[in-house]
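> okay, here's the prediction I keep looking at, along with the sequence it came from:
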Amino acid sequence: MIQIGLAILIIVAAGYLVDAYLHDRNVDKRYRARLASLSRSVGGGFEGDEEMMETERLMARLMMSSSGITRRLMQADWKVTPERFVAFIAGLFVVAAVAIWFLGLLGGLAAGLAYVGLAYMLLSNAADKQVNAFLEELPNFLERLRQLVSTGNSQVQAFDKALAYSGDATRCYLDPVALRLKIGVPLPDALRVQAQRLGIAELAMLAMIVRTNLRYGGNLGYILEHLARVLRDRTRVRSEFKSLSSELRSTAIVMVAIPPLVAVAIMVMNPSYLDYFVEEGQTALWLAIGLEVVGILIMRRMMKVEY
């Protein structure tokens, strides 16, 4: 019965890792879809990259080609030092070795997958938290930028001054932009590169607005004010949806957790009760596991709504 439990753990952990990794690898498609949606919200005129040079298109594809793990590390602002990498590998080795000693090779595989899955979950949560903190501070940054531009500052001067009074999340993401400005990179290019590295469409939208204003002129303050208002509305709607869907998330967690918990309880109290699934009911067992995995994926998709 222990082998069955370990097999279930391996399948669930592997399914989570594959689904999470594929979701993060698909960031290019979601990035462009979010950028197009944001462009329509602002009022159009910025959608797509029709006027982008071919060299810039190639650069954008290169910047978006990094793996989901790499982008997650950049979003979470986690620095991968040799010491941390060695510590992670050593921890994985210790966990797998202990599990192999007590539970065999299958237990070692399950423990290793659980260790990697937990690490990836922590990374994803840290990245989402940092991105959400940046998006909450971005409207205030845009408002300060609008005020500084309206009082006669150049775009670069306004950017530096607005960044100096911004929150930690904003400085974390925009400090590299300020460094590029100091070495002579134009502001739109510096913003676009950072947006593509992080996969943040709101930052790319700001880069397109600044670039369009430099090329054609116009009232930049009005556009920044409109963008800040759109971002505040999106943040408000996202918060409202999170509050309204809290019951759905709790229900999903309970529904997903009940079958494994019941199986573990039965294995502890009466292991012989599950002998049927080992001998004759293997088809039913794998069908139950498959339905459990499908249910997890459906619940995850239902709770992901983009605005």
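Nice, I can see it.
> spit out the contact partners of residue 257.
If you count contacts by CB atoms under 8 Å, 6 or more residues apart in numbering, residue 257 has none. C-beta coordinates here come from the backbone N, C-alpha and C atoms, glycine included.
> quick one: which helix or strand includes it?
helix 246-269 (DSSP states H and E).
> can you pull the buried residues of that helix?
The neighbour-count check on helix 246-269 (16 or more other CB atoms under 10 Å) flags 252, 256, 263 as buried.
> in the helix or strand containing residue 222, which residues are buried?
For residue 222, the enclosing helix or strand under DSSP H and E is helix 220-244. Of the residues in helix 220-244, those with enough neighbours to count as buried (16+ other CB under 10 Å) are 220-221, 223-228, 230-232, 234-235, 238.
> and stretch 69-84, by the same measure?
Within stretch 69-84, the residues scored as buried using 16+ other CB under 10 Å are 69, 71-76.
> thinking again about what came up before, just send the buried residues of helix 220-244 back as TSV, with pLDDT and distance to residue 128 too.
Formatted as TSV, these follow (pLDDT from 0 to 100; distance: CB to CB, whole Å):
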residue	pLDDT	distance to residue 128
220	82	31
221	84	32
223	85	28
224	87	26
225	87	28
226	86	27
227	85	22
228	88	22
230	85	21
231	85	17
232	87	19
234	81	15
235	80	14
238	76	12
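> tabulate those in JSON lines, adding columns for distance to residue 123.
Output for the buried residues of helix 220-244, formatted as JSON lines (distance: CB to CB, whole Å):
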{"residue": "220", "distance to residue 123": "37"}
{"residue": "221", "distance to residue 123": "38"}
{"residue": "223", "distance to residue 123": "35"}
{"residue": "224", "distance to residue 123": "33"}
{"residue": "225", "distance to residue 123": "35"}
{"residue": "226", "distance to residue 123": "35"}
{"residue": "227", "distance to residue 123": "30"}
{"residue": "228", "distance to residue 123": "30"}
{"residue": "230", "distance to residue 123": "29"}
{"residue": "231", "distance to residue 123": "25"}
{"residue": "232", "distance to residue 123": "28"}
{"residue": "234", "distance to residue 123": "25"}
{"residue": "235", "distance to residue 123": "23"}
{"residue": "238", "distance to residue 123": "21"}
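> what is the rounded mean pLDDT of stretch 159-170?
Averaging pLDDT along stretch 159-170 yields 91.
> what about it, how long is it end to end?
Separation of the first and last residues of stretch 159-170 by CA to CA, to the nearest Å is 12 Å.
> need the residues that contact that stretch.
Contacts of stretch 159-170 (CB under 8 Å, 6+ apart): 130, 133-134, 136-138, 140-141, 144-145, 148, 153, 171, 174-175, 177-178, 181, 187.
> check which residues of that stretch are buried.
159-160, 162-163, 166, 169-170.
> kindly report the same for stretch 100-115.
Going by 16+ other CB under 10 Å, stretch 100-115 has these buried residues: 100, 103, 106-115.
> residue 79: which element?
Going by DSSP H and E, residue 79 is not in any helix or strand.
> cool, and residue 107?
In the assignment (DSSP H and E), residue 107 maps to helix 82-150.
> that helix - contacts with which helices or strands?
Here helix 82-150 touches helix 2-25, helix 68-76, helix 155-164, helix 168-182, helix 201-216, helix 220-244, going by 3 or more CB pairs under 8 Å, 6 or more residues apart in numbering; DSSP states H and E.
> tell me how far the nearest residue to residue 288 once chain neighbours are set aside lies from residue 218.
Distances taken as CB to CB, 6 or more residues apart in numbering put residue 259 closest to residue 288, at 7.3 Å, once the chain neighbours are dropped. Noted for residue 259: a distance of 58 Å to residue 218, by CB to CB, to the nearest Å.
> got the angle for the strand or helix carrying residue 188 vs helix 168-182?
Element membership of residue 188, judged by DSSP H and E, is helix 187-198. Interaxial angle, helix 187-198 versus helix 168-182 (axes from the mean of the first three to the mean of the last three CA atoms, to 10 degrees): 130 degrees.
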